[in-house]
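Undergrad: any chance you can model this:
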Amino acid sequence: QIVQQENILNVISDKPNVILMGDFNFRPSTEQYNITVDILYDAWLVADSSTIGTIPFNWAPRLPDKRIDHIFVSSELNTSISEIRYTGGSAADHPAVYIDLELT
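TA: Numbering: from 1, shown residues only. Sure, this is the predicted structure:
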């Protein structure tokens, strides 16, 4: 997995206004996460109001230190995140995660 993440980061390294999101299958305590946040910001950590939202109860113990679904942004978008929220139902094995960006 580390090679895959290194490849993704290489592709986006010289691009502005990056939003990189998805089911990465790595947690904040991993090497993949660490190399990612060396380049990009974890939207969960920089949002003005990080909330769990309407996430099903069984997901609540997994947040925030056990997250595997992430949204990362480049420095140009770092201060534009007004909110990040997990929400979802039982239709999938992951909750939805979304951010609100306030672009000027």
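
Undergrad: can you pull the contacts of the residue nearest to residue 104 when sequence neighbours are not counted?
TA: The shortest distance from residue 104 to any residue that is not its chain neighbour, by C-beta to C-beta, 6 or more residues apart in numbering, is 7.9 Å, and that residue is residue 80. Where C-beta positions appear, they are placed from N, C-alpha and C, glycine not excepted. Neighbour list for residue 80: 73, 101-104 [criterion: C-beta atoms under 8 Å, 6 or more residues apart in numbering].

Undergrad: any idea how far residue 97 is from residue 80?
TA: Going from residue 80 to residue 97 by C-beta to C-beta, to the nearest Å gives 17 Å.

Undergrad: list the buried ones in the longest helix along the chain?
TA: Here the longest helix in the chain is taken by residue count, with DSSP state H as the criterion, and it is helix 2-12. Applying a neighbour-count criterion of 16 or more other C-beta atoms under 10 Å, one finds 5, 8-9 buried in helix 2-12.
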